[in-house]
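Engineer: This is a predicted model, with the sequence first.
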Amino acid sequence: MAKDPVAQQMEVIRRGAVAIVPEAELEARLRAAIAESRPLRVKYGADPSAPDIHLGHTVPLGKLRQFQDLGHLVVFIIGDFTALVGDPSGRSKTRRRLSPQEVKENALTYQDQVFKILDRERTEVVYNSHWLSPMRFPEIVDLASRATVARMLERDDFAKRYREGKPISVLEFLYPLMQGYDSVMVRADVELGGTDQTFNLLLAREIQREYGQPPQAIVTLPLLEGTDGVQKMSKSLGNYIGVSEPPRDIFGKVMSVSDELMWRYYELLSRLSAPEIAAGREECRRGTNPIVWKKKLAYELAARFSDPGQAAAARDYFEEVHQKKEVPERMPEVEVGEEALSGGTIPIIDLLRLAGLVPSNAEARRKIAEGAVSYDGEKVNEHGALVRVKDNGVLKLGKRKFRRTRLSGGRKNN
RNA sequence: GGGGAGAUACCGAAGCGGUCAAACGGGGCAGACUGUAAAUCUGCUGGCUAUGCCUUCGGAGGUUCGAAUCCUCCUCUCCCCA
């Protein structure tokens, strides 16, 4: 007997998801959609507070893509209103408010990146400021009356902060409400999000019910750990790999994750099937150097966000610089003007600063004392050292920061 | 509205009149070891025209030879009571 199409779709949706709540409702929706031959409206929201999409975002985006491939419509909400207000959550630091201009720019670069994964044809992009901005106070009051403080405090991070005596602003209570209202406005059938969004996604169901809509089904996806392997990937923690980064950086960052984390990345990011990944794991257990598999993953990801040629170049670079410890062929250049030289030499500290490798003279001195600095293969140990600058010389700080020095032969004013 | 506690460097957190550019932990950077791994060990982690000088302990004043430390006011946060 041929497989039921609903069961088939459910199987695809379930793969890699943490939870589907409630499964039966999603099934019912799929069944109705097929019967009426209309696509489900699958909601996903993102705040354009930072312009970069990183690998962590690609986990839900990949799932959205699967929905699209099953014939459904993605409603991509750009939370420009949210970004404008400036989410105050997270520690004592008040997040800087973005200007409308910045939000607009971020939103645009955001879309470019998103469509590296999503199918533009099956995506509806909407801005939540369209309905949130014009709301009047009576409407907001009405919305606010739909949830209770006790309910809000069920959310784990609120409860935790409350317990620890950390501030929670009323505005933060409003956030889940706005998000829920978004679901009402776009008539979401399904909403996707990371597991950290579980509360908001569930609350949106209640809001929809309050406004007389059938509640959306929700699909939660695992949060990807950042390159440190501990905290979730996020830009502010600096442990992210951005999809718009140069392939060389993507490759390098993937290579720097621990062996254990590599398998996690395989599961959440790779297009390889589960059995293929399991086989790789087994291979390594039997003695294959994990670097082989790490390179494979690094290549796959670098290629996905650029192209195979560039990914291969990134791999060559990695092998040459880090494995063979050779000096890379291409590196940023620093131009040394005649006015900076005296008798063809320049104090090493000045050179480091000129190259932008250190933020202060004191830092330069420290790095020199640590034996981290070399020029043209020769270690510089004296912080008062003068180096004779060559055209095409190589200044190195630490293991991987290189600058090629260029003499700006006489042409001063350009 | 009343009472209490608190605000310290990137984060957490000591210090409570001089010896404080400020303990300790985390993070970050560098060195060793490696597979640019991870883990571990070690060092560094305000700036400068540098054996000295300058700025920094929520903000503004004040006391003092001297203040992160004491006083006044202000701003913000938390707790208890109403």
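Structural biologist: It's in. Numbers count the residues shown, from 1 in each chain, chains lettered A, B, ... in the order given.
Engineer: need the contact list for the residue most central in space within chain A.
Structural biologist: The centroid of chain A falls nearest to A:His54 when counting by Cα atoms, centre = their mean (1.9 Å). A:His54 is in contact with A:Met233, A:Ser234, A:Lys235, A:Tyr240, A:Ile241, A:Gly242, A:Val243, counting by Cβ atoms under 8 Å, 6 or more residues apart in numbering. Using the backbone N, CA and C atoms, a C-beta is placed for each residue, glycine as well.
Engineer: What separation do you get for A:Tyr211 and RNA strand B?
Structural biologist: Taking Cβ to the nearest atom of the strand, to the nearest Å as the measure, A:Tyr211 falls 30 Å from RNA strand B.
Engineer: Please read the previous query as pertaining to A:Phe81.
Structural biologist: 22 Å.
Engineer: hang on, isn't that residue packed against A:Leu132?
Structural biologist: Yes - A:Phe81 is in contact with A:Leu132 according to Cβ atoms under 8 Å; the separation is 4.2 Å.
Engineer: which residues are common contacts for the two?
Structural biologist: Residues touching both A:Phe81 and A:Leu132 (Cβ under 8 Å, 6+ apart): A:Met178.
Engineer: Close to RNA strand B: what parts of the stretch 301-414 of chain A are there?
Structural biologist: Within the stretch 301-414 of chain A, the residues that sit near RNA strand B (Cβ under 7 Å from any atom of the strand) are A:318, A:322-323, A:325, A:359-363, A:365-367, A:370-372, A:397-401.
Engineer: what's the answer for the stretch 151-300 of chain A, then?
Structural biologist: A:162, A:165-168, A:228-229, A:238-239, A:251-260, A:289-291, A:294.
Engineer: Please spell out the segments of the stretch 201-350 of chain A that come in under the pLDDT threshold.
Structural biologist: In the prediction, the stretch 201-350 of chain A carries no residues with pLDDT under 70.
Engineer: In it, mark out all the helices, start to finish.
Structural biologist: For the stretch 201-350 of chain A, the helices defined by DSSP state H, counting those that start in this stretch cover A:247-255, A:259-269, A:274-285, A:290-304, A:308-318, A:348-354.
Engineer: could you redo those helices as JSON lines and give each row distance to A:Glu154 and mean neighbour count?
Structural biologist: Below are the helices of the stretch 201-350 of chain A laid out as JSON lines (distance: least, Cβ to Cβ, whole Å; neighbours: other Cβ atoms under 10 Å):
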{"stretch": "helix A:247-255", "distance to A:Glu154": "36", "mean neighbour count": "22"}
{"stretch": "helix A:259-269", "distance to A:Glu154": "28", "mean neighbour count": "18"}
{"stretch": "helix A:274-285", "distance to A:Glu154": "34", "mean neighbour count": "14"}
{"stretch": "helix A:290-304", "distance to A:Glu154": "37", "mean neighbour count": "20"}
{"stretch": "helix A:308-318", "distance to A:Glu154": "45", "mean neighbour count": "17"}
{"stretch": "helix A:348-354", "distance to A:Glu154": "53", "mean neighbour count": "21"}
